[in-house]
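K.L.:
Structure for the following, please:
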Amino acid sequence: MHIESAVEDKSPVNLRIRTSLKNRAKSLGVNLSQTLERSLEEEISRREQLEWLEANRQAIEAYNRRIEAGGPALAAYRSF
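P.N.:
Coordinates of the predicted model:
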């Protein structure tokens with residue numbers, strides 16, 4: 001996960017969320033900016049992983065077929 005640099009710029013953002021949700025978060029001392037940043041980092045990471053998997057799907061499938069057909073590389077030399 002990304003660790004924010006102390007010198008990284010921040011931008012103001014205008015968001016609309018349910019009032020009840022905002023009030024509950026405020027009553028619990030939830031920092032909305034930090035929570036949003038953390039959630040965005042997680043969502044971005046999840047989507048980047050999905051994009052990577054899709055971009056590399058053919059290579060992954062080809063590798064898995066090769067392993068199924070011939071076993072792992074150097075399997076003949078394993079002693080376990």
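K.L.:
Can you tell me how far Leu50 is from Ala62?
P.N.:
Using C-beta to C-beta, to the nearest Å, one gets 20 Å for the distance from Leu50 to Ala62. For glycine as for every other residue, the C-beta is placed from the backbone atoms N, C-alpha and C.
K.L.:
Which helix or which strand is home to the residue nearest the centre of the chain?
P.N.:
Centroid-nearest residue in the chain, with C-alpha atoms, centre = their mean: Ser45, separated by 2.3 Å. Using DSSP states H and E, Ser45 maps to helix 32-55.
K.L.:
name the helices or strands packed onto that helix?
P.N.:
Helix 32-55 is packed against helix 19-27, with contacts defined by 3 or more C-beta pairs under 8 Å, 6 or more residues apart in numbering; DSSP states H and E.
K.L.:
what inclination does the helix it packs on have with respect to helix 32-55?
P.N.:
110 degrees (axes from the mean of the first three to the mean of the last three C-alpha atoms, to 10 degrees).
K.L.:
in stretch 9-17, what's buried?
P.N.:
Buried residues in stretch 9-17, counted by 16 or more other C-beta atoms under 10 Å: none are found.
K.L.:
who touches it?
P.N.:
With contacts defined as C-beta atoms under 8 Å, 6 or more residues apart in numbering, stretch 9-17 is touched by Leu36.
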